[in-house]
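Asker: What shape does this take:
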Amino acid sequence: MPAPSSADRRLALLTGATGYVGGRLLAELQARGIPVRCLARRPEYLRHRAARGTELLQGDVFDCETLAPALRGVDTAYYLIHSMGSTGDFEHQDRLAAQYFADAAREAGVRRIVYLGGLGRGENLSKHLASRQEVGRVLRTSGAETIEFRASIIVGSGSLSFEMIRALVEKLPVMITPRWVRVPAQPIAIEDVIAYLVAARDVELDGDTVFEIGGADRVTYAEIMLEYARQRGLRRLMIPVPVLTPRLSSLWLGLVTPVYARIGRKLIDSLPTPTVVHDDRARHSFGIRPRGIREAIERALQNEEREFAATRWSDAISSSGGGRSWGGIQFGPRIVDSRRTTVAVPPSEAFRPIRRIGGRSGWYFADWLWSLRGFIDLLVGGVGVRRGRRDAEHVAPGDAIDFWRVETIVPDRRLRLCTEMRLPGRAWLEFEVEGSPDGSTITQTAVFDPVGLSGRLYWYLLFPIHTLVFGGMLRGIARRAVEDRGDGHHVTPGVLKAS
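Answerer: Here you go, the predicted structure:
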């Protein structure tokens, strides 16, 4: 990476870095070599994301004593905070937090504040949109140059609106749709939002400015859902109804999407408001050409694929902190189930039965069930288990192992298989081996990317069998590792890690 220019040495304060947009912005600022200071209530959540030189300060916008040191020496402050997920009077909380921040920015002599709010016009704005725009007005009282971006739906894997749309389309083959699905919007890709936020540090302004930002296309919510369905290979039927109250709509969202009912209600209240760009000064001022909805969804899914390919699922699962769910943990559209065991042999020996898996070595548990599954696969036009494997001892990326394909192999450490069975979705099976004080820890992770309702039914109907087979397989691998060593070392029983 090239050395930062003198202009890049200006310090940026980032609030909301643990959030969706803030986390993406933090990565981009760091990649550009821009000095960043993050203010967070739980800075420990950011340590794994922070580059060398990035400051992490514990604080809260409601605690004025923490704002002064956070804003000291700051050139540009990013305000990416809102209280939509809170209970009670969120408008009052948002107003108060913005006022505290504006006052502290004035005292610290901050040159510029950049804020991301919500797009919408008219006198009948929802409480959520009206509050977002009021925050912008409060921040403009700071005396610092204030740039307020008003954005439509943000399209990106992990964004609240996109995840709501994803869940509806994935789970409901037939959707009873209220009137708001026909309201126009101008969705914008997360990459374009980040580009605007980064460029806001250096754009030349004459006083405070409000910029409306959106993507290249004006579409309805129904068109967004149908485009997502098209790219996922799903066929969906929408049946419009004249009346579906905001309360019923929000409770419905709470049942079928990851969005809590109280957040869903605030979203639903905002959806009847068209979120389209009327003032296109942003395009002229920044020279950014936002993507259309098709490319925005394509990139969201592609980025998700890259992130998934690079993920160590054992880290994600162990850091989730919650209790185990019956059918696995949800990551985007994927369902992840993982278990681990400790075996008293070094990693190279623990990995040996893993690299020999399939073919004549079998699957270390209930091989007759694997054969039955392969026979069923043949009946429906799949590859079955006839292929075996190329080499009984070694594997390479691209090798076939029965009805799996080797996607990743790191010798003595990691094997990831992608299924080629006929399934209502895609599936991966991954093994990781790490050294431990007792020898080695073997982590086995099954990942399923269901397509539509049939994919989810497949997962949950077969989950008890998967639990039996994968659990037995892991025990069999651990037992074989000890047997191959020939010294009879004791195997510590594993603990299910689908938390």
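Asker: Could you count how many residues lie near the nearest residue to Ala199 once chain neighbours are set aside?
Answerer: With Cβ to Cβ, 6 or more residues apart in numbering as the criterion, Ala199 has its nearest non-adjacent residue at 5.0 Å, and that residue is Phe286. Heads up, the C-betas are built off the backbone N, CA and C, glycines and all. By other Cβ atoms under 10 Å, the residues close to Phe286 number 17.
Asker: So for Phe286, what's the pLDDT?
Answerer: pLDDT for Phe286: 92.
Asker: Quick check: buried residues in the host helix or strand of Ala105?
Answerer: Assessed by DSSP states H and E, Ala105 sits inside helix 90-108. For helix 90-108, a neighbour-count test (16 or more other Cβ atoms under 10 Å) marks 90-91, 93-95, 97-105, 108 as buried.
Asker: So Pro397 belongs to a helix, correct?
Answerer: No - Pro397: not assigned to a helix; according to DSSP: H, G, I helix; E, B strand; the rest coil it is coil.
Asker: From Glu430, how far off is it?
Answerer: To Glu430, Pro397 is 14 Å away according to Cβ to Cβ, to the nearest Å.
Asker: Check the contact lists of these two and give me the overlap.
Answerer: Listed contacts common to Pro397 and Glu430 are Thr408; contacts here mean Cβ atoms under 8 Å, 6 or more residues apart in numbering.
Asker: chain center to the longest helix seen in the chain, what's the gap?
Answerer: Ranked by residue count under DSSP state H, the longest helix found in the chain is helix 452-485. Centroid separation between helix 452-485 and its chain, computed with Cα atoms, centre = their mean, to the nearest Å, is 26 Å.
Asker: about what we covered before: tell me which strands and helices the helix holding Ala105 is in contact with?
Answerer: Judged by 3 or more Cβ pairs under 8 Å, 6 or more residues apart in numbering; DSSP states H and E, the packing partners of helix 90-108 are helix 64-71, strand 76-79, helix 127-139.
Asker: Identify each buried residue in stretch 383-396, please.
Answerer: So, applying 16+ other Cβ under 10 Å, buried residues of stretch 383-396: Val383, Gly384, Val385, Arg387, Arg389, Val395.
Asker: Just the CA coordinates for it, please, in PDB.
Answerer: In PDB, the C-alpha atoms belonging to stretch 383-396 read as follows (Å, rounded to 0.1, in the frame of the first residue of the first chain):
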ATOM      1  CA  VAL A 383     -23.300 -38.500  -9.400                       C
ATOM      2  CA  GLY A 384     -23.800 -41.000  -6.500                       C
ATOM      3  CA  VAL A 385     -20.800 -42.500  -4.800                       C
ATOM      4  CA  ARG A 386     -19.400 -44.300  -7.800                       C
ATOM      5  CA  ARG A 387     -16.500 -42.000  -8.400                       C
ATOM      6  CA  GLY A 388     -14.500 -42.900  -5.200                       C
ATOM      7  CA  ARG A 389     -11.300 -40.900  -5.200                       C
ATOM      8  CA  ARG A 390      -8.200 -40.400  -7.400                       C
ATOM      9  CA  ASP A 391      -5.600 -41.200  -4.700                       C
ATOM     10  CA  ALA A 392      -6.200 -43.100  -1.500                       C
ATOM     11  CA  GLU A 393      -3.600 -41.100   0.500                       C
ATOM     12  CA  HIS A 394      -3.500 -37.600  -1.000                       C
ATOM     13  CA  VAL A 395      -6.000 -35.000  -2.300                       C
ATOM     14  CA  ALA A 396      -5.700 -31.700  -4.200                       C
END
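Asker: Which residues outside it are in contact with it?
Answerer: 355-356, 358-361, 370-371, 373-375, 377-378, 399-403, 406, 409, 415, 420-421.
Asker: How much space separates the residue most central in space within the chain from Gly73?
Answerer: The structure's the chain has its C-alpha centroid closest to Gly158; by Cα atoms, centre = their mean the separation is 3.6 Å. Look at Gly158 and Gly73: by Cβ to Cβ, they are 32 Å apart.
Asker: And for Gly439?
Answerer: 51 Å.
Asker: Of these two, give the one with the bigger neighbour count.
Answerer: Gly439 (22 against 14).
Asker: residues contacting the more buried one?
Answerer: Thr342, Val343, Ala344, Val345, Pro346, Ala350, His489.
Asker: and if we set it to 6 Å?
Answerer: Residues near Gly439 by Cβ atoms under 6 Å, 6 or more residues apart in numbering: Val343, Ala344, Val345.
Asker: quick one on the thing from earlier: for the helices and strands packed on helix 90-108, please prepare TSV with the additional fields mean pLDDT and distance to Ala200.
Answerer: Conversion of those to TSV gives the following (pLDDT from 0 to 100; distance: least, Cβ to Cβ, whole Å):
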stretch	mean pLDDT	distance to Ala200
helix 64-71	92	17
strand 76-79	96	8
helix 127-139	89	13
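Asker: can those go into a markdown table with extra columns for distance to Asp337 and mean neighbour count?
Answerer: Output for the helices and strands packed on helix 90-108, formatted as a markdown table (distance: least, Cβ to Cβ, whole Å; neighbours: other Cβ atoms under 10 Å):
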| stretch | distance to Asp337 | mean neighbour count |
| --- | --- | --- |
| helix 64-71 | 41 | 17 |
| strand 76-79 | 38 | 26 |
| helix 127-139 | 36 | 21 |
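Asker: and Ala12, which of these is closest to it?
Answerer: Proximity to Ala12, assessed across the helices and strands packed on helix 90-108 by Cβ to Cβ, is greatest for strand 76-79 (4.8 Å).
Asker: Can you tell me which helices and strands the closest one packs against?
Answerer: strand 12-15, strand 112-118 (3 or more Cβ pairs under 6 Å, 6 or more residues apart in numbering; DSSP states H and E).
Asker: as a whole number, average confidence for the shortest one?
Answerer: Just to be clear, that refers to strand 12-15. The model assigns strand 12-15 a mean pLDDT of 96.
Asker: Neighbouring strands - and their directions - for it?
Answerer: strand 36-40 (parallel), strand 76-79 (parallel) (DSSP bridges).
Asker: what's the following helix or strand after it?
Answerer: Next along the chain after strand 12-15, with elements defined by DSSP H and E, is helix 20-31.
Asker: helices and strands around that following helix, which ones?
Answerer: Against helix 20-31 (3+ Cβ pairs under 6 Å, 6+ apart) you get helix 190-199.
Asker: and the following helix or strand past the helix it packs on, how far from the chain's centre?
Answerer: Per DSSP H and E, the first helix or strand lying C-terminal to helix 190-199 is strand 209-213. Centre-to-centre, strand 209-213 and its host chain are 27 Å apart (Cα atoms, centre = their mean).
Asker: same question, stretch 37-55
Answerer: For stretch 37-55, the distance to the chain centre is 19 Å (Cα atoms, centre = their mean).
Asker: Turn the strands paired with strand 12-15 into a markdown table, including distance to Leu129.
Answerer: Output for the strands paired with strand 12-15, formatted as a markdown table (distance: least, Cβ to Cβ, whole Å):
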| stretch | distance to Leu129 |
| --- | --- |
| strand 36-40 | 25 |
| strand 76-79 | 17 |
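Asker: between these, which one is nearest to Arg334?
Answerer: Closest among those, using Cβ to Cβ: strand 36-40, at 27.8 Å.
Asker: tell me the average confidence for the closest one?
Answerer: 94.
Asker: One more: stretch 452-469?
Answerer: Stretch 452-469 comes out at a mean pLDDT of 86.
Asker: any weak-confidence spans in the stretch 351-499 of the chain?
Answerer: 385-386, 486-499 (pLDDT under 70).
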